[in-house]
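**Q** Quick one, fold the following:
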Amino acid sequence: QVHLVESGGGLVQAGASLSLSCAASGDTFATNAMAWFRQGPGTARVFVAGISGGGGATMYEESVKGRFTISRNNAEKTAHLQMNTLKPEDTAVYYCAAAMSPYPDTWFSSRAYKYWGQGTQVSVSS
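**A** The predicted structure follows:
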């Protein structure tokens, strides 16, 4: 069982940066691939970024490449999403997710992730 809690959301202006954190409980954090998804108003939850259990592999959705960086600290059981050069279209609720294995069956599908946090709101004004 893995329990996830996100933090770090907020309201910022376009061009600003935010850092999201995900704190995990459970004994097997290093064996869980982690990911961030986001869901805007009236839209489906979509993949943003993912990182393998050991941290050696990462994956990004095309629109955030070069702006967002995912990382993890297995000793502290945390995952992070550094978001730079934020745009109004980045506005969404951001969710942390954990898979049951070091690599998910597929990075991009929410069905590949078993555990979810409650979400944190990120709002970017123009």
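**Q** Give me the three-state assignment for A30.
**A** Of the three states, A30 takes helix under DSSP: H, G, I helix; E, B strand; the rest coil.
**Q** which ones are touching it?
**A** 53-54, 74, 102 (Cβ atoms under 8 Å, 6 or more residues apart in numbering). To be clear about C-beta, it is placed using only N, CA and C from the backbone, and glycine gets the same treatment.
**Q** What pLDDT is listed against it?
**A** If you check A30, the pLDDT there is 80.
**Q** likewise the one 3 residues further on?
**A** Looking at A33, its pLDDT reads 96.
**Q** host element of the residue nearest the centre of the chain?
**A** Nearest to the geometric centre of the chain sits W36, at 2.0 Å (Cα atoms, centre = their mean). Here W36, judged by DSSP states H and E, is contained in strand 34-39.
**Q** what about G56, neighbour count?
**A** Here the count is done by other Cβ atoms under 10 Å, and G56 has 8 residues near it.
**Q** How much space separates it from Q1?
**A** Distance from G56 to Q1, counting by Cβ to Cβ, to the nearest Å: 25 Å.
**Q** A16: what's it in contact with?
**A** Taking Cβ under 8 Å, 6+ apart, one finds 86, 124 in contact with A16.
**Q** 7 Å instead?
**A** Counting by Cβ atoms under 7 Å, 6 or more residues apart in numbering, A16 touches L86.
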